[in-house]
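Student: I need the structure of the sequence given here:
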Amino acid sequence: MRDIWFMKEQVTNELARTFLAVITGVLTAIAVGALLLPVVEVSVNKFFNLHLFTQTPSDASKDDLMPKVTLFSWFFVASFAGGLVCSFISSSKDTIHVLISSLVSIVLIFIMSKGKVLDENQFWSSLLILLSIPLGNVIGGWIGGRLKRKKKSSVSIS
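Tutor: Predicted structure coming up:
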């Protein structure tokens, strides 16, 4: 009977650690994104030109590309940090926790933007920018998992 009670406690601790890893990963991504926001604003303001009632210049595609690259990089770096932290906190199944963290981040972006993230006129570029979130999370989680395993193996050797 004592073994079953101990196992139940272990499962509860694992669930709590999973929840903590996912939430901390998302909060880290939000914090890093907030820290990088001034840099993103300067970049977008510098390169973004709105051509509603004027003739579009020949180099407008370059002006249009820079904000997209900036947004992709911003989401990627923030998600990378979130994936790294998520994998450090996670005790096992790092990849699943990182993917759940990505899903939560994307759902939060959809909620905050009221579904206007995937603009009909810019669908493919918006989708590529959104894909930077799971890409950054997975790469950050992979590197975090490797660092965690490396630290664990160096501790066991010493």
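
Student: quick one: what helix or strand has the residue most central in space within the chain in it?
Tutor: Central residue of the chain (Cα atoms, centre = their mean): S79, 2.3 Å from the mean position. Assigned by DSSP states H and E, S79 belongs to helix 60-89.

Student: and the next helix or strand along the chain from that helix, how far out from the chain middle?
Tutor: Going down the chain from helix 60-89, the next helix or strand is helix 94-113, by DSSP H and E. For helix 94-113, the separation from the chain centroid amounts to 7 Å (computed by Cα atoms, centre = their mean, to the nearest Å).

Student: quick one, helix 94-113 and helix 60-89 angle?
Tutor: Angle of helix 94-113 versus helix 60-89, following axes from the mean of the first three to the mean of the last three Cα atoms, to 10 degrees, is 130 degrees.

Student: which elements pack onto helix 94-113?
Tutor: helix 2-47, helix 60-89, helix 123-157 (3 or more Cβ pairs under 8 Å, 6 or more residues apart in numbering; DSSP states H and E). Using the backbone N, CA and C atoms, a C-beta is placed for each residue, glycine as well.

Student: so which residues make contact with that helix?
Tutor: 18, 21-22, 25-26, 29, 79, 82-83, 86-87, 90, 117, 130, 133-134, 137-138, 140-142, 144-145, 148 (Cβ atoms under 8 Å, 6 or more residues apart in numbering).

Student: pLDDT on it, on average?
Tutor: Mean pLDDT, computed over helix 94-113, is 85.

Student: in it, what's buried?
Tutor: By neighbour count on 16 or more other Cβ atoms under 10 Å, the buried set for helix 94-113 is 94, 97-102, 104-106.

Student: among these, which one lies nearest to V39?
Tutor: The nearest member of the buried residues of helix 94-113 to V39, counting by Cβ to Cβ, is S105 at 19.6 Å.

Student: ok, A81 to W74 distance?
Tutor: 11 Å (Cβ to Cβ, to the nearest Å).

Student: same thing with S43?
Tutor: Going from S43 to W74 by Cβ to Cβ gives 9 Å.

Student: who's more crowded, the two?
Tutor: Higher neighbour count among S43 and W74: W74, with 21 against 18, using other Cβ atoms under 10 Å.
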